[in-house]
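Visitor: Give me a model of this one.
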Amino acid sequence: MPKCPNCGQETARTKDWACQWCGYPLLSRSYKQIPKTYKQLQEESLPQPRAPVRDEPEPVAELAPEPEPVAELEPAPVAESEPMLEPATKPKSAAKSKPIAKRKPAAELEPVAVAKPGPEPAAIELTVDELLSAYEYEVEGVAADAKFTNKILKITGIANRIEIKDALDISYINLSGAGTNALQSVRCVFDKRYRPELNQLTRGQTVTVQGKYDGSIIDISLRDCMLVH
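Guide: The predicted structure is shown next:
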C-alpha cells in the first residue's frame, strides 16, 4: 500500500482526497479510496462519551427491634431475724493434751530374744517296763489305753532299733525295757528335723523320749517325739 508523503504511513485516500491519518491532500489515484471523509474518520476516532452511571444506594441492613424495657422487680422485704440467745453455759475449754512419749527409733530398740522350743511339761513320767506292764492283761490294757490317751509321756528305755530313711520320710526308734520280753517295745516317731540327733544314737543306749501317746496295736506308739537330755 502507498505511503503518505506527509506522515509516511501506509494510507488510503478519503472521499475528499485526503490522507486518512493526517488529512494531507492526495491527488494520485494510486491510493485506495475509503468511502468516508477525513472528518468522519476523525469523529470516529474520538472517544465516545459514556452514559453517566448512577450510584445505587447500598441496601441498609434492617435493625433488630430494640428489646422492651424490663420492669425492675422490687426487692422482697427481709424479715428481721430474732437475736440469737447466748448459751446458758460456756463451752468447756479443751482439755490439755498429754505429751506423747517419743518412740525410740528402730535402731535403738533392744532385740527380743526368741525362746527356742523346749520339751512340753510331761504329764506322766515312767519307764518302758512300767508302761508295758500296764498292758499285761486285757482288762488293764483297756484301762491303760484310756488313761494315756492324748497325754504327754516321758519314757526312759533302751534303744534297740533306730530307723532313719529320708526317701520314705521315716524317723523313729524302738525302746525296750530291761526286764520285759524283747519282742515288746515302744515306738517313738520323730519329725525329720530331729534326724541329726537320732543319727548320734547307738543301739543299746539308754535314752529318754517325750511324746504324745498314740495308742497301741502291736507296739505302743508315741508321736511328735523329742529327745530329752
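Visitor: Without its sequence neighbours, what residue ends up closest to L227?
Guide: Spatial nearest neighbour of L227, chain neighbours left out: E197 (5.5 Å); criterion: C-beta to C-beta, 6 or more residues apart in numbering. All C-beta spots, glycine's among them, are computed from the backbone N, C-alpha and C.
Visitor: now that neighbour, what's its secondary structure?
Guide: helix (DSSP: H, G, I helix; E, B strand; the rest coil).
Visitor: Count the neighbours of it for me.
Guide: Look at E197: counted by other C-beta atoms under 10 Å, it has 13 neighbours.
Visitor: Likewise for I155?
Guide: Neighbours of I155 using other C-beta under 10 Å come to 26.
Visitor: what lines up beside the longest strand belonging to the chain in the sheet?
Guide: The strand spanning the most residues in the chain, taking DSSP state E as the definition, is strand 152-165. Next to strand 152-165 in the sheet, as set by DSSP bridges, lie strand 124-127 (parallel), strand 170-176 (antiparallel), strand 206-216 (antiparallel).
Visitor: Could you chop this structure up by domain?
Guide: According to automatic domain parsing, the chain comprises the domains 1-45, 124-227.
Visitor: re earlier: for the strands paired with strand 152-165, which one sits closest to I152?
Guide: Nearest to I152, of all these, is strand 206-216, at 5.8 Å by C-beta to C-beta.
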